[in-house]
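Novice: predicted model and sequence below, questions to follow.
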Amino acid sequence: MFNEEPSIKQVRVAIENIAQADVRTCLQFILLTGCRISEAVGYKSPKDDTTNYGITRDRVEIHEHIGEEAAVFRLRTAKRKGRPRFCAIPLSSNYEVWTREIVKMFDGSPGPVWPFTRQKLHGVCVKAFDGMVYPITKYLQGEKENWTLIDEHWKPARAHALRHFRASELSNFYGFDAQDLSMFLGWTMGTGQNMPSVADRYITQRWQRYFPKLLKMRR
């Protein structure tokens, strides 16, 4: 038997079948924005050594661009010390049926949209994504001069896999290029297309560049 990545439709159905509304909308948000878990959930466990940058209820605005409304979420990028990035998703159900449900969670208050930890998501994801896997490319782990090469392998799909699934969809279905992906996902330009990372400071707010590509009806 060989491993195979699930289709984006299978992932979306698995999320839609989750009964807990707060967990369901959180996972919908993570998939649509491609954000890291710590950029979505409001709290962290005392044993969790990561910094939390969970989005709050006052960090979305509705804008119009080329005749279509966009829900523009102001995320704080975890691996860049909370640097803001703007992630735009079409509001019309012609292009994305989840956006309006997510936007309803944002009431303008400064509190977290999803006031729970990543551990709550994990327990639900184990059941919701049972049997789903995704590929990890080889990478170096550890400190300089003490690197360990981790070979390519497959991992069970959990909440973090949604970022991988979204990046693949943006590239393969929506036609995002490296610069679009860098802006959308909060990668440095060096990560996205071998450009000097200092260049990315100029494109953190340019969601208008990629937004027209998202105006594509799903198959």
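Specialist: The structure has been received and is ready for your questions. Numbers count the residues shown, from 1 in each chain.

Novice: mind listing what's buried in the strand ranked longest in the chain?
Specialist: With residue count as the measure and DSSP state E as the assignment, the chain has strand 68-77 as its longest strand. Of the residues in strand 68-77, those buried under the neighbour-count criterion (16 or more other Cβ atoms under 10 Å) are 68, 70, 71, 72, 73, 75, 76, 77. Using the backbone N, CA and C atoms, a C-beta is placed for each residue, glycine as well.

Novice: for stretch 151-170, same thing?
Specialist: Under the neighbour-count rule (16+ other Cβ under 10 Å), stretch 151-170 has 157-167, 169-170 buried.

Novice: just the pLDDT for the residue most central in space within the chain.
Specialist: Taking Cα atoms, centre = their mean as the criterion, residue 34 is the residue nearest the geometric centre of the chain, at 1.5 Å. According to the predicted model, the pLDDT of residue 34 comes to 97.

Novice: so who does it touch?
Specialist: Each residue near residue 34 by Cβ atoms under 8 Å, 6 or more residues apart in numbering is listed here: 87, 162, 163, 166, 167, 170, 184, 185.

Novice: from residue 3, how far out is the nearest residue to the last one once chain neighbours are set aside?
Specialist: The spatially closest residue to residue 185, leaving aside those adjacent along the chain, is residue 34, at 4.8 Å (Cβ to Cβ, 6 or more residues apart in numbering). For residue 34, the distance to residue 3 (Cβ to Cβ, to the nearest Å) stands at 22 Å.

Novice: what's near enough to touch the residue lying closest to residue 43 once chain neighbours are set aside?
Specialist: Distances taken as Cβ to Cβ, 6+ apart place residue 117 nearest to residue 43, at 5.0 Å, with adjacent residues excluded. Under the criterion of Cβ under 8 Å, 6+ apart, the contact list for residue 117 reads 41, 43, 44, 45, 48.

Novice: from residue 139, how far out is the residue of the chain positioned farthest from its centre?
Specialist: Checked against the mean C-alpha position of the chain, the extreme residue using Cα atoms, centre = their mean is residue 145, at a distance of 32.0 Å. Distance check for residue 145 against residue 139: by Cβ to Cβ, it reads 17 Å.

Novice: cool, and residue 54?
Specialist: Distance from residue 54 to residue 139, by Cβ to Cβ: 26 Å.

Novice: now residue 95: how far from residue 67?
Specialist: Here residue 95 is placed at a distance of 12 Å from residue 67 (Cβ to Cβ).
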